[in-house]
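J.: can't give you the sequence, but here's the structure:
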Ligand SMILES: Cc1cc2nc3c(=O)[nH]c(=O)nc-3n(C[C@H](O)[C@H](O)[C@H](O)COP(=O)(O)O)c2cc1C
């Protein structure tokens with residue numbers, strides 16, 4: 001029976017299991033930061049674009065205001081602990097690359113790190129942004145794409161196993 005309810009009740013029924021990603025940004029001091037995100041989407045085929053929604057309170061928001069690039073990273077199951085770290089700590093307080101022992105190589109667009117344990121990395125340049133309540137949606141044009149054929153995609157929480 002369809003019944004009116006509060007938003008968290010309705011949302012809990014539809015938003016899991018979810019794909020999660022990491023966004024790499026550049027700190028104002030030129031170091032790099034990582035944030036776990038669930039709110040992202042492909043928004044254009046040509047040119048290819050992705051949007052990411054970043055809370056105003058996140059340090060990643062400061063980073064994107066300072067440096068207009070991000071790498072959208074689709075993690076592998078081996079990166080589960082890193083996703084927890086990057087979703088529960090702030091780059092204001094720690095260096096997540098050191099804390100998470102992150103393996104990376106330099107990207108081609110703006111030298112933001114390409115995470116080599118990931119399935120896919122997209123190097124994006126911010127081309128527009130929209131305020132959305134307590135978040136900003138940053139729309140990034142993809143300039144370079146990377147794929148690791150040895151890796152699978154991580155789902156958060158992990159997909160239920162078939163009976
Ligand atoms: C599974 C998961 C999904 C998340 N999705 C988002 C998101 O889409 N946007 C966002 O701003 N924060 C999201 N967060 C919260 C940030 O990852 C978290 O606040 C992080 O500590 C911010 O780091 P920063 O201050 O270094 O930017 C998510 C956290 C988790 C665990």
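T.: Cool, the structure landed. Predicted, not measured: the structure shown is a model, and the values here were computed from it.

J.: give me the residue from the protein nearest the ligand.
T.: In the chain, the residue that lies nearest the ligand is residue 87 (2.7 Å; C-beta to the nearest ligand atom). Where you see a C-beta, it was placed from the backbone N, CA and C, and this is true even at glycine.

J.: Now for the nearest residue to that residue once chain neighbours are set aside, how many residues are close by?
T.: Distance criterion C-beta to C-beta, 6 or more residues apart in numbering; nearest residue to residue 87, sequence neighbours excluded, is residue 36 at 3.3 Å. Each residue near residue 36 was counted by other C-beta atoms under 10 Å, and the total is 22.

J.: do the same with the one 5 residues further on
T.: Around residue 41 there are 11 other residues, counting by other C-beta under 10 Å.

J.: now it, nearest residue through space, not along the chain?
T.: Using C-beta to C-beta, 6+ apart and skipping the chain neighbours, the partner closest in space to residue 41 is residue 51 (5.4 Å).

J.: Correct me if wrong: that neighbour contacts residue 23.
T.: No: applying C-beta atoms under 8 Å, one finds residue 51 not in contact with residue 23, separated by 11.1 Å.

J.: Among the two, which residue is more densely surrounded?
T.: Looking at residue 51 and residue 23 with other C-beta under 10 Å, you find the greater number of neighbours at residue 23, namely 26 against 20.

J.: Tell me which stretches of the protein form strands.
T.: In chain order, the chain shows strands spanning 18-19, 21-26, 32-37, 40-44, 49-55, 69-74, 104-106, 113-115, 120-132, 135-147, 155-156, with DSSP state E as the criterion.
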